[in-house]
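Q: give me the fold of what follows.
(chains A, B and C)
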Amino acid sequence: MYQASYEIATRGRGLLELTGQVTEAAREAAVSTGIAHVFVHHTSASLLITENADPAVHRDLERVLARLAPDGDPEFEHDAEGPDDMPAHVRSMLTGCSLSVPVTGGRLALGTWQGIYLYEHRHAPHRRRITVTVQGA
Amino acid sequence: MYQASYEIATRGRGLLELTGQVTEAAREAAVSTGIAHVFVHHTSASLLITENADPAVHRDLERVLARLAPDGDPEFEHDAEGPDDMPAHVRSMLTGCSLSVPVTGGRLALGTWQGIYLYEHRHAPHRRRITVTVQGA
Amino acid sequence: MYQASYEIATRGRGLLELTGQVTEAAREAAVSTGIAHVFVHHTSASLLITENADPAVHRDLERVLARLAPDGDPEFEHDAEGPDDMPAHVRSMLTGCSLSVPVTGGRLALGTWQGIYLYEHRHAPHRRRITVTVQGA
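A: Numbers count the residues shown, from 1 in each chain, chains lettered A, B, ... in the order given. The predicted structure is shown next:
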């Protein structure tokens, strides 16, 4: 049982790769077979496993979320922190704040094209806390 | 390894907070470091971690799901239990039926603004079964 | 701690039931209480728990995803592998590549109407790798 927390400085809306931190946590945990769990302690940022090769994929994912939850949507009541406040909660609902990946042979068993990302949904840079927990034998 | 099941009486469509039950399960489990896993045994209700302070956030999330999966959608084939039957399955697909949260220092490590919710997607009140499993050391 | 990987041959876009494989893995793991975790090692296929009785539910879920991420969307930049390439990544973002189910009394504790599915999002048949990890006591 291994657990570590990190503060991640985001640069505003967009994806930030966490694969390195989670890979390192799985190595530190020194388990052969198990599960690495990642959690973000916020409701306006989320976690995602997606394609790690072409940056255009990330721009297209952003296009879809901008359609599903447009900034400044006049139907939204909650805008205490601005026009990107409620859309950030919607994006978090659709993508989720926890994910987990198998550990196999002592290594994080991601597919070739899979990367783990923190998705910042607010336009302003934020400090986001994530926790990685590795359980195994 | 701790596991408990609960029957939750919903009042029809909307969010019902489960943070208390999951916090209590994490305490009962008496683990210092681990993972608390929550599962809902249904395909027309789901689980969500979202903002716990402003009820307007919950109304806005409902607005988004009502747009993405409108009741009585004429394109839907499956309406055996009424116009909110298939939309409930779509909402469940988009939000998910399992989630997990780290346990740190013997406590459920939610962020300040995070609450755990059961999302009832049917209009009629239902009895929903959830299972909380806590693993740790 | 039990772990097994499988190669699944898909027949192109659509749902393929994995409940049998995961149920069997939970049995092989020989744990009484625990968690069964399923992971798909790809970014254009995903995992889903949904209704297992009426095939019309699966067709309606497909209708919703086809609206949210239409093939050949002119706004998408990434189309290296064709008009269903980027939509597959969007569908994967919205449905997720990992899920987990409690094990209770030595059995996978799915609800009566819940089935576990691999969702192939590409039109062509593919070989997809999944890993099932069971942890428990």
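Q: which one is residue A:124 nearest to, not counting chain neighbours?
A: Residue nearest to residue A:124 in three dimensions, not counting chain neighbours: residue A:12, with 5.9 Å by CB to CB, 6 or more residues apart in numbering or on different chains. Just so you know, the C-beta spots here come from the backbone N, C-alpha and C atoms, and that holds for glycine as well.
Q: do residue A:9 as well
A: Closest to residue A:9 by CB to CB, 6+ apart is residue A:127, at 5.7 Å.
Q: spit out the contact partners of that neighbour.
A: Residues near residue A:127 by CB atoms under 8 Å, 6 or more residues apart in numbering or on different chains: A:7, A:8, A:9, A:10.
Q: by neighbour count, which of these wins?
A: residue A:10 (19 neighbours; other CB atoms under 10 Å in any protein chain shown).
Q: that one: what's it in contact with?
A: By CB under 8 Å, 6+ apart, the contact list for residue A:10 reads A:16, A:45, A:118, A:120, A:125, A:126, A:127, A:128.
Q: elements contacting the helix or strand containing residue A:4?
A: Assessed by DSSP states H and E, residue A:4 sits inside strand A:2-9. The contact analysis (3 or more CB pairs under 8 Å, 6 or more residues apart in numbering or on different chains; DSSP states H and E) places strand A:2-9 against helix A:19-29, strand A:127-136, strand B:98-104.
Q: pick the most buried one from the ones you listed.
A: Mean neighbours per residue, mean count of other CB atoms under 10 Å in any protein chain shown, is largest over the helices and strands packed on strand A:2-9 for strand B:98-104, with a mean of 24.
Q: for chain A, what's the longest helix?
A: Ranked by residue count under DSSP state H, the longest helix found in chain A is helix A:55-68.
Q: check the offset of that one from the chain's centre.
A: Centre-to-centre, helix A:55-68 and its host chain are 15 Å apart (CA atoms, centre = their mean, to the nearest Å).
Q: show me what counts as buried in it.
A: For helix A:55-68, the neighbour count (16 or more other CB atoms under 10 Å in any protein chain shown) marks A:57, A:58, A:60, A:61, A:62, A:63, A:64, A:65, A:68 as buried.
Q: now do stretch A:105-121
A: A:108-111, A:113-121.
Q: next, count neighbours for the closest residue to chain B within chain A.
A: Residue nearest to chain B within chain A (CB to the nearest CB): residue A:41, separated by 3.3 Å. Counted by other CB under 10 Å, the residues lying close to residue A:41 total 20.
Q: quick one: it and residue A:59, what's the gap?
A: 27 Å (CB to CB, to the nearest Å).
Q: equivalent analysis for residue A:26, please.
A: Distance from residue A:26 to residue A:59, by CB to CB: 29 Å.
Q: tell me which residue of chain A is furthest from the middle?
A: residue A:74 (27.5 Å; CA atoms, centre = their mean).
Q: report whether that residue is found in a helix, as I expect.
A: No. Assessed with DSSP: H, G, I helix; E, B strand; the rest coil, residue A:74 is coil; it does not lie in a helix.
Q: dump the residue contacts of residue A:30.
A: The contact partners of residue A:30, by CB under 8 Å, 6+ apart, come to A:2, A:106.
Q: ok, which of the buried residues of stretch A:105-121 also contact chain C?
A: A:109, A:110, A:111, A:113, A:114 (CB under 8 Å from any CB of the partner chain).
Q: out of those residues, which are inside strands?
A: Among those, the members falling in strands (DSSP state E) are residue A:114.
Q: so the spatially most central residue of chain A, which of the three states?
A: Taking CA atoms, centre = their mean, the centroid of chain A lies closest to residue A:47, which sits 2.0 Å from it. When classified by three-state DSSP, residue A:47 comes out as strand.
Q: ok, it to chain C distance?
A: For residue A:47, the distance to chain C equals 10 Å [CB to the nearest CB, to the nearest Å].
Q: close to chain B: what parts of chain A are there?
A: A:1, A:3, A:5, A:37, A:39-43, A:68-69, A:75-78, A:80, A:86, A:89-90, A:92-94, A:96-98, A:100, A:129, A:131, A:133, A:135.
Q: PyMOL command to pick out the buried ones of these?
A: Those of these that count as buried under 16+ other CB under 10 Å are selected in PyMOL with:
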select buried, chain A and resi 1+3+37+39+40+41+42+43+68+69+76+78+86+89+90+92+93+94+96+97+98+100+131+133+135
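Q: that older thread, send me the longest helix of chain A as PDB with only the CA atoms.
A: Taking only C-alpha atoms (Å, rounded to 0.1, in the frame of the first residue of the first chain), the coordinates of helix A:55-68 have been written out as PDB:
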ATOM      1  CA  PRO A  55      -1.900  17.200 -29.900                       C
ATOM      2  CA  ALA A  56      -4.800  17.600 -32.300                       C
ATOM      3  CA  VAL A  57      -6.700  14.900 -30.400                       C
ATOM      4  CA  HIS A  58      -6.600  17.200 -27.300                       C
ATOM      5  CA  ARG A  59      -7.800  20.200 -29.300                       C
ATOM      6  CA  ASP A  60     -10.700  18.100 -30.700                       C
ATOM      7  CA  LEU A  61     -11.700  16.800 -27.200                       C
ATOM      8  CA  GLU A  62     -11.700  20.500 -26.100                       C
ATOM      9  CA  ARG A  63     -14.000  21.400 -29.000                       C
ATOM     10  CA  VAL A  64     -16.500  18.700 -27.900                       C
ATOM     11  CA  LEU A  65     -16.500  19.800 -24.300                       C
ATOM     12  CA  ALA A  66     -16.900  23.400 -25.300                       C
ATOM     13  CA  ARG A  67     -20.000  22.400 -27.300                       C
ATOM     14  CA  LEU A  68     -21.500  20.300 -24.500                       C
END
